[in-house]
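Trainee: Coordinates only, no sequence provided:
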């Protein structure tokens, strides 16, 4: 018996009789439920139209330096977060010919210039054969080179349509400020951005127009590295470009 009492004390039983009788058949009333409180002062996130923001920012740029700064400050493109740096342009800004590529690759991302590495060396060789170079100081023989996208897509994947649409206002302003006489659209994604069409095999070699400037679609040098047999068509396109330069 004592052992049983000691066990009850150890378990916290310290009263034998309560001060008042307890009716164990009466249920305790449940605790009142908390009424939902209406949130006040909560600011909903504002959805930003990235294309409209790009147009506003690009239009405000009065020269190429200001355009580059505007692109550096543009925060709505997720590609910026994964790239090392902005790849803006290379060559002479007032060159007669402007080359528009698709997007930077690994080498371009590292060096901050468009068309470097193997594809860039092939591009330089191709255009040197018709007397044009990114290093020339004379506008008649110089090249100015940029891309549709200024930041490298992850793993060099293709540019997404929404990324092209977002950065297109900057490209349009870039062309307006650089004032090229002719544009070479390198590859499918460049054609999609500039003229809204794809199918480089059908488009290459024929003049079209974008932003009031004649555009010649051509195979991308990276494609020519993978498909050397297409260099014959690329050479024909270079001669087409050379002939056009002589007539304007």
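Mentor: Looks like it arrived, so ask away. The structure presented is a predicted model; accordingly, all values stated were derived computationally and were not measured.
Trainee: Could I get the full set of helices for this structure?
Mentor: 2-10, 50-60, 64-73, 79-82, 106-111, 117-128, 161-178, 188-195, 200-203, 221-226, 231-247 (DSSP state H).
Trainee: List the buried residues in the longest one.
Mentor: In terms of neighbour count (16 or more other CB atoms under 10 Å), helix 161-178 has its buried residues at 163-164, 166-175, 177-178. All C-beta spots, glycine's among them, are computed from the backbone N, C-alpha and C.
Trainee: can you redo those residues as CSV with distance to residue 57 and pLDDT?
Mentor: Output for the buried residues of helix 161-178, formatted as CSV (distance: CB to CB, whole Å; pLDDT from 0 to 100):
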residue, distance to residue 57, pLDDT
163, 16, 96
164, 17, 96
166, 11, 96
167, 11, 97
168, 13, 97
169, 8, 98
170, 8, 98
171, 13, 98
172, 12, 98
173, 9, 98
174, 12, 98
175, 16, 98
177, 14, 98
178, 17, 98
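Trainee: Just give me the closest of the residues you listed to residue 219.
Mentor: Nearest to residue 219, judged by CB to CB, of the buried residues of helix 161-178 is residue 164 at 19.2 Å.
Trainee: right, and that closest one touches residue 147 too?
Mentor: No: with contacts counted by CB atoms under 8 Å, residue 164 stays clear of residue 147, the gap being 10.8 Å.
Trainee: Closest one to residue 228 out of the buried residues of helix 161-178, please.
Mentor: Closest approach between these and residue 228, by CB to CB: residue 164, at 28.5 Å.
Trainee: where does the closest one sit relative to residue 103, distance-wise?
Mentor: 9 Å (CB to CB, to the nearest Å).
Trainee: Also residue 237?
Mentor: 21 Å.
Trainee: Let me see the contact set for residue 223.
Mentor: 187, 200, 230 (CB atoms under 8 Å, 6 or more residues apart in numbering).
Trainee: Looks like residue 166 contacts residue 79 (just checking).
Mentor: No: Residue 166 lies out of contact with residue 79 (CB under 8 Å); the separation is 9.3 Å.
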